[in-house]
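Participant: Coordinates only, no sequence provided:
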């Protein structure tokens, strides 16, 4: 990744302040988040948080297809398949940096707006989920598709999927279901619907907004007033999840992942969205299904910081002894879409294999996220 992996700009506001603008600049890979991009963005967010002239931050992706299609799992794959005779620590470094950035966004002290236009998946949702203002457009498409590559819904999803209506988070994690902007609003993954064509006008309104004496409440009041002028919820597509909420919750009202998987796969309801979800689960990673279920159970009542720490451990284990390398190979490297998963089905995954993945990689004192 070149030094221009993230582009930075500062827009002047009328009272002498400025809006920091960060643009993920890898449109050919749908702005997949490289380690270099993570470091660049994290450093700039720290600087802008400390700069008293910065009233707000705007984060977007280059191109017209995606905000961010996910983390750079191809780089993780290449690192894990290198045979240089040394233990590869790239996954540990990558996931620690990514989760630190995501956590910073969740706790950012100034208004942070994410322009979630187009594809927002995996690591892209990690950037968007914690922002103070998550802006969807009529083209937004959100998913946590880790079931297709043998990872699991990470980037804090063990925490925020638990805050959806009962059963919905687990269903999304098991099926990698794709959500539109109406779904994102309904499920709390987006705050506003702004038409794609209104981007420039919205930025102009933010530049002209009144931020008062720049107290936190005045900064947020200025941003919200600007958003109110451009929000158009009537342009959102038809909901997919909400009309099916009762059906989804009925499918997921069970005590084990094996039962939930069986119910989803044998569901006969004639609905295109449900059918696509069934197909994704049917060919997805059996190990991932267990990890989805167990991680949601482990973090149902826990803190966001604890979720990130546990996710780092599991992500590293998925690289060392899970199906991630094989899943990335099949989907993104060889593109044969025929992964050879370690287990034939969800029902045939031994509990010992799950417990091995959940085992700590390092002691708490050595954990890279211990200070979150």
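Facilitator: Looks like it came in fine. Keep in mind the model is a prediction, meaning the values are calculated, not measured.
Participant: Lowest average confidence across helices and strands of this protein, where is it?
Facilitator: Across the helices and strands of the chain, mean pLDDT, DSSP states H and E gives its lowest value to helix 73-81, namely a mean of 94.
Participant: same for it, what does it pack against?
Facilitator: Judged by 3 or more Cβ pairs under 8 Å, 6 or more residues apart in numbering; DSSP states H and E, helix 73-81 is in contact with helix 90-106, helix 324-328. Backbone N, C-alpha and C define where each C-beta goes, glycine included.
Participant: now that helix against helix 90-106, angle please.
Facilitator: 150 degrees (axes from the mean of the first three to the mean of the last three Cα atoms, to 10 degrees).
Participant: who does the helix or strand that contains residue 184 touch, helix- and strand-wise?
Facilitator: Using DSSP states H and E, residue 184 maps to helix 181-187. Judged by 3+ Cβ pairs under 8 Å, 6+ apart, the packing partners of helix 181-187 are strand 133-136, strand 192-193.
Participant: quick one: average confidence on the shortest one?
Facilitator: Going back to what we said before, that points to strand 192-193. Strand 192-193 shows a mean pLDDT of 98.
Participant: go on, the first one?
Facilitator: Looking at strand 133-136 alone, the average pLDDT works out to 98.
Participant: and the next element down the chain from it?
Facilitator: strand 141-143.
Participant: helix or strand for residue 316, which one?
Facilitator: helix 304-321.
Participant: check contacts around the nearest residue to residue 32 once chain neighbours are set aside.
Facilitator: Sequence neighbours aside, residue 72 is the residue nearest to residue 32 in space, at 5.0 Å (criterion: Cβ to Cβ, 6 or more residues apart in numbering). Contacts for residue 72 (Cβ atoms under 8 Å, 6 or more residues apart in numbering) come out as 29, 32-35, 94, 123.
Participant: Pull the number of nearby residues for the residue nearest to residue 253 when sequence neighbours are not counted.
Facilitator: Closest residue in space to residue 253, ignoring its immediate chain neighbours: residue 167 at 6.6 Å, by Cβ to Cβ, 6+ apart. Other residues near residue 167 number 17, with proximity taken as other Cβ atoms under 10 Å.
Participant: Then residue 22?
Facilitator: Residue 22 - counted by other Cβ under 10 Å - has 23 other residues nearby.
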